[in-house]
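Sequence plus the predicted model coming up.
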Amino acid sequence: MNIRNLFLCLCSLLLSVSVSAKTFTVGVALANFDLNFVSILRTQMQKELKANQLNGQFVDAKGDVALQAQQVDDFINQGVDAIILNPVDTQGVLPMINAAKNAAIPLIFVNRKPEVKLPAGMAYVGSDSALGGEMQMEALAKKMHYKGNVAILMGALSNEEARERTRAVEAVIAKYKDMKVVEKQSAKWQRNEAVDVVSGWLLNQRPVDAIAANNDEMAIGAIMALNQAKNEKIFVAGIDGTPDGQQFIKNGKMALTIFQDARGQATGAVKVTKSLLDKQKVQAFSWIPYQLITPENYAAFSASK
């Protein structure tokens, strides 16, 4: 082998080593760092990215869809290899989908399902929102002996989760002739907002037997308002099964919650991202199952986690 050929072989070897040693960078755009569930999602995702030898860049949209769209554009301009998106507005994702598609960057949605068809190279990892609402209300109806008045605390109406969970709750209530919805209002996923909403219901002396909240944070806010009014007769149910929610189950203040596996969703999102980066085929939808948590099964559930 002459010197020229040897030099070319060495260059080829060095190039192949540098390519194989490339560390992918994943941009992670989250809806709101302040939300308890999103905080768990972020922490687990950081661990999973590191375990998979992927660099992660995290940004907080602070509930602002315009800011999130700009953050996704910034990721694309920075040349990230993939984007994981927890959308602020599940109906307002098309510009972000088109931007990622035009840049040939894999886009993986997590936790909040986009309400548009996903093109190739994109996927969703999360849970079935309607099923969560159905499980919540069926369990709550059983505790109410299938009679009584229900108030619904809705999340932000820009989210598919809030609308689908609420529709499912209403559908369950409609099945039972002695049950009806007497109040329905958004508290935007927030504990403090829920305190204000429920305090208003109590002030107006609405006949409420149970409150179905779209998430644990609003359920906890409802419980705080009920405690202030010294009213412990109303059942309160949440969704997410966050550590705070589980504590309220343990102390008997919350009737039940539906565990939505934030860690499972985070792990699944990173796994799908890694597969797409490795040019492997993935399913368009990866469903993470829910579980019912009640005071009766809390101890066993907590021990298993």
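Alright, I've got the coordinates.

Which residue is the nearest non-sequential neighbour of residue 149?
residue 182 (4.4 Å; C-beta to C-beta, 6 or more residues apart in numbering). The way it works is simple: take the backbone N, C-alpha and C, and place the C-beta from them, glycine included.

Looks like residue 69 contacts residue 94 (just checking).
No. Contact criterion C-beta atoms under 8 Å: residue 69 and residue 94 do not qualify, at 10.1 Å.

tell me the pLDDT at residue 121?
Per-residue pLDDT puts residue 121 at 87.

got it, and residue 19?
Residue 19 is given a pLDDT of 45.

Which residue lies nearest the spatial centre of the chain?
The structure's the chain has its C-alpha centroid closest to residue 111; by C-alpha atoms, centre = their mean the separation is 3.3 Å.

Which helix or which strand is home to the residue nearest to residue 149?
Assigned by DSSP states H and E, residue 182 falls within strand 179-186.

I'd like the distance between residue 220 and residue 60.
For residue 220, the distance to residue 60 equals 22 Å [C-beta to C-beta, to the nearest Å].

that older thread, could you point out the helix or strand that follows the strand holding residue 182?
Next along the chain from strand 179-186, counting by DSSP H and E, comes helix 191-203.

Identify the residues contacting that next one?
151, 153, 183, 185-187, 208, 211, 213, 217-222, 224-226, 228-229, 231 (C-beta atoms under 8 Å, 6 or more residues apart in numbering).

Please work out how many residues are found near residue 243.
12 (other C-beta atoms under 10 Å).

how's this structure carved up into domains?
24-127+262-288, 129-259 (automatic domain parsing).

quick one, which of those is nearest to residue 297?
Residue 297 lies closest to domain 129-259 among the domains of the chain, at 9.4 Å (C-beta to C-beta).

Quote the end-to-end distance of that closest one.
Distance between the two ends of domain 129-259: 12 Å, counting by C-alpha to C-alpha, to the nearest Å.

which residues in this protein form strands?
25-30, 55-60, 82-85, 107-110, 122-126, 148-154, 179-186, 210-213, 235-240, 256-259, 285-287, 291-293 (DSSP state E).

Can you tell me the strand partners of the last one and which way each runs?
To tie it back to what came earlier, the one meant is strand 291-293. Paired with strand 291-293 in the same sheet, following DSSP bridges, are strand 256-259 (antiparallel).

and what of the fourth one?
In the sheet, strand 107-110 lines up against strand 82-85 (parallel), strand 122-126 (parallel) (DSSP bridges).

Against residue 275, how distant is the closest residue in space to residue 133 that isn't next to it in sequence?
Using C-beta to C-beta, 6+ apart and skipping residues adjacent in sequence, the residue nearest residue 133 is residue 168, 3.1 Å away. In this view, residue 168 and residue 275 are 31 Å apart by C-beta to C-beta.

swap in residue 208?
For residue 208, the distance to residue 275 - C-beta to C-beta - is 47 Å.

more crowded one of those two?
residue 208 (21 against 16).

tell me the contacts of the nearest residue to that one once chain neighbours are set aside?
Excluding the flanking residues, the one nearest residue 208 by C-beta to C-beta, 6+ apart is residue 151, at 4.7 Å. Residue 151 sits next to 181-184, 198, 201, 206, 208, 210-212 when contact means C-beta under 8 Å, 6+ apart.

Of all these, the one with the weakest confidence?
residue 206 (85).

re earlier: from what I see, the residue nearest to residue 133 and residue 134 are in contact.
Yes. Residue 168 is within contact range of residue 134, at 4.4 Å (criterion: C-beta under 8 Å).

pLDDT value on the residue nearest to residue 208, please?
For residue 151, pLDDT reads 98.

Mind listing the residues bridging to it?
residue 183, residue 211.

separation between it and residue 231?
Counting by C-beta to C-beta - residue 151 and residue 231 are separated by 13 Å.

next one: residue 156
The gap separating residue 156 from residue 231 is 27 Å, by C-beta to C-beta.

more crowded one of those two?
Taking other C-beta under 10 Å, residue 156 and residue 231 do not tie; residue 156 has more neighbours (21 against 12).

how close does the more buried one get to residue 30?
For residue 156, the distance to residue 30 equals 14 Å [C-beta to C-beta].

neighbours around residue 84, how many?
Neighbour tally, residue 84, other C-beta under 10 Å: 28.

Next: the one 5 residues further on.
Residue neighbour count, defined by other C-beta under 10 Å, stands at 22 for residue 89.

Kindly report the same for residue 147.
12.

list the contacts for residue 139?
Counted by C-beta under 8 Å, 6+ apart, residue 139 has contacts 237, 256, 292, 294.

Can you say which of these are buried?
237, 256, 292 (16 or more other C-beta atoms under 10 Å).

so can I have CSV of those residues showing pLDDT and distance to residue 164?
Converted to CSV, the buried ones among the contacts of residue 139 look like this (pLDDT from 0 to 100; distance: C-beta to C-beta, whole Å):
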residue, pLDDT, distance to residue 164
237, 98, 16
256, 98, 19
292, 97, 18
